[in-house]
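1. Sequence plus the predicted model coming up.
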Amino acid sequence: HPTLTAPYAERADHAVHPLTSYLFRLMDLKESNLCLSADVQTARELLFMADKLGPSIVVLKTHYDLIAGWDYNPQTGTGAKLAALARKHGFLIFEDRKFVDIGKTVQMQYTAGTARIIDWAHITNANIHAGKDMVRAMAEAAARWKERIHYEVKTSVSVGTPVSERFDDGEEHGDEHSSGDGDGRKGSIVSITTVTQSFEPVDSPRLSKSTTEGDEVLFAGIEEPPADRGLLLLAQMSSKGCLMDKEYTQACVEAARENRSFVMGYVAQESLNTAPNDNFIHMTPGCKLPPPDEEENGEIEGDGLGQQYNTPAKLIGVCGTDIVIVGRGIINNGDPPSEAERYRKKAWKAYLARLE
Ligand code: BMP
């Protein structure tokens, strides 16, 4: 596994995908390899958690379809608000949608419909059981999305202008949007703001590297993420009795290598970087720490519904993942921001130990 002992900063320099490169740099800068799985009940709680825990994390993982009161308005809704918090604190948004269908359907689910995931989620993921062509379909959709963003920036049309007035490329841009807060405006692309607005620097001792370079305000020494979208392949799962076999996982590895400009890496339980030039990023759920007063080498109990847990030390240090994904371990704690810091420190320590 060629990437196990390479520092994240070094892997940033060699990453094919611009967003992977950005994420590795963000990890290095924030000294964090923690992703929060923000599986809370309401949009209000989601935004609260994103704001409070933002300084500790590099990725915020959502399941938009389990959030009550998700506001679909492209300019003022939950996706737009999350995107603003992502800019404020410097983290990427990962919608854990686990797309699985024929390519055409997946393209539509990814870019249109109610949630318009592509507009606010930097990263999403796919289960390739239906065949790897669907990865190419999503890559094409993301490339079209990027072209629109570039066009938007070049012509500096203001945010909030109806898409139908901004583009004349014969594509449907979801102008039928009706589930927002009803301000009568037609749909527009939330992520335009990602490109045109600047970060609000955050006051935190660990993130004291905020600087201004030229006209650009840099958050914690890093610019805004590139206007790219990335995909993680769901190669292995944490749940008991998971039916994803070795052959399926290997098919994910092949699909990743064939789509390096769109696939950032994997959701998996171990490192799948086996070839010398593999530099994919790995994110791993099923992560929990024992309470602070208990021994860390003890078993961590599952949730009784099939979820199985490992510690950050094992997942990062032994299994070789890059980012641990933690949900209930943090959210169900009485003090989520402190608990997130406890996880961040443990996971970062495991990474530093791996480098030695
Ligand atoms: P928790 O840490 O509370 O067990 O949450 C884990 C999160 O990661 C959930 O959002 C779940 O959907 C997701 N997940 C997982 O648990 N195992 C996988 O293999 C893939 C996942 O996306």
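-> On my side now, so go ahead.
2. rest of the way, CA atoms for contacts and neighbours
-> Fine.
3. what about A347, neighbour count?
-> A count of neighbours around A347, defined by other C-alpha atoms under 10 Å, yields 26.
4. which SSE is it in?
-> helix 336-355 (DSSP states H and E).
5. That helix close to the ligand?
-> No: using C-alpha under 6 Å from any ligand atom, helix 336-355 stays clear of the ligand, with a minimum separation of 11.8 Å.
6. what does that helix contact?
-> 4-7, 31-34, 52-53, 56-57, 289, 312-313, 316-317, 322, 324, 330, 333 (C-alpha atoms under 8 Å, 6 or more residues apart in numbering).
7. Tell me the residues on the protein that lie near the ligand, please.
-> 37, 39, 96, 237-239, 285-287, 326-329.
8. mind listing which of those residues are in helices?
-> 328-329 (DSSP state H).
9. Can you check which strand is longest in this structure?
-> With secondary structure taken from DSSP state E, the chain has its longest strand at strand 92-99.
10. what's it in contact with?
-> 23, 58-64, 82-83, 86, 106, 117, 120-127, 234.
11. List the ones among these that fall in helices.
-> Going by DSSP H, the helices hold 23, 82-83, 86, 106, 117, 120 from those.
12. ok, M49 - contacts?
-> By C-alpha under 8 Å, 6+ apart, the residues touching M49 are A38.
13. Point me to the helix or strand that includes it.
-> Counting by DSSP H and E, M49 is found in helix 43-53.
14. returning to that earlier point: just the ones in helices among the contacts of strand 92-99 now: which is nearest the ligand?
-> Distance to the ligand across those (C-alpha to the nearest ligand atom) is lowest for I117, with 16.1 Å.
15. Not counting its neighbours along the chain, what's nearest that closest one?
-> Y110 (5.6 Å; C-alpha to C-alpha, 6 or more residues apart in numbering).
16. Need the residues that contact the strand or helix carrying that neighbour.
-> In the assignment (DSSP H and E), Y110 maps to helix 103-111. In this structure, residues lying in contact with helix 103-111 by C-alpha under 8 Å, 6+ apart are 99-100, 116-119, 133-138, 141.
17. what's the angle between that helix and strand 92-99?
-> Between helix 103-111 and strand 92-99, the angle formed by their directions is 150 degrees, by axes from the mean of the first three to the mean of the last three C-alpha atoms, to 10 degrees.
18. In helix 103-111, which of the residues would be classed as buried?
-> 103, 106-107, 109-111 (16 or more other C-alpha atoms under 10 Å).
19. quick check, nearest of those residues to the ligand?
-> Proximity of those to the ligand (C-alpha to the nearest ligand atom) peaks at Y110, which lies at 16.9 Å.
20. re earlier: format the buried residues of helix 103-111 as CSV; extra columns: distance to Y266.
-> Output for these, formatted as CSV (distance: C-alpha to C-alpha, whole Å):
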residue, distance to Y266
G103, 19
V106, 18
Q107, 20
Q109, 20
Y110, 18
T111, 21
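21. Work out which residue lies at the spatial centre of the protein.
-> F94 (2.7 Å; C-alpha atoms, centre = their mean).
22. Could you report the distance from the closest residue to the ligand within the stretch 101-250 of the chain to K98?
-> Closest contact between the stretch 101-250 of the chain and the ligand, by C-alpha to the nearest ligand atom, is at M237 (3.0 Å). Distance, M237 to K98, by C-alpha to C-alpha, to the nearest Å: 11 Å.
23. Give me the more crowded residue out of those two.
-> Using other C-alpha under 10 Å, the more surrounded residue of M237 and K98 is M237, with 18 against 15.
24. can you tell me how far that one sits from C287?
-> Where C287 is concerned, M237 sits at a distance of 12 Å (C-alpha to C-alpha).
25. Then A12?
-> A12 is 25 Å from C287, by C-alpha to C-alpha.
26. Neighbour-wise, which one of the contacts of helix 103-111 leads?
-> V135 (30 neighbours).
27. Can you report phi and psi for N310?
-> phi -130, psi 160 (degrees, to the nearest 10).
28. Report the contact partners of the residue lying closest to it once chain neighbours are set aside.
-> Closest residue to N310 apart from its sequence neighbours, by C-alpha to C-alpha, 6+ apart: C287 at 4.9 Å. Applying C-alpha under 8 Å, 6+ apart, we find C287 in contact with 309-312, 315, 324-326, 329.
29. farthest-separated two in those?
-> In terms of C-alpha to C-alpha, the contacts of C287 reach their longest pairwise distance at L315 and G329, which sit 15.0 Å apart.
30. who's more crowded, those two?
-> More neighbours surround L315 than the other of L315 and G329, with 26 against 21 (other C-alpha under 10 Å).
31. wait, doesn't that one sit right on V324?
-> Yes: between L315 and V324 there is a contact at 7.4 Å, judged by C-alpha atoms under 8 Å.
32. residues shared between the contacts of the two?
-> When contacts are counted by C-alpha under 8 Å, 6+ apart, L315 and V324 have 284, 287 as shared neighbours.
33. so which pair among the contacts of helix 103-111 is furthest apart in space?
-> The largest separation in these, counting by C-alpha to C-alpha, is between D119 and D133 at 22.3 Å.
34. so A227 makes contact with E147?
-> No: the pair A227 / E147 is not scored as a contact, 9.6 Å apart, by C-alpha under 8 Å.
35. out of those two, which sits in the more crowded spot?
-> A227 (17 against 13).
36. which phi and psi does the more buried one have?
-> Main-chain torsions, A227, degrees, to the nearest 10: phi -80, psi 70.
37. separation between it and C35?
-> Relative to C35, A227 is positioned 21 Å away (C-alpha to C-alpha).
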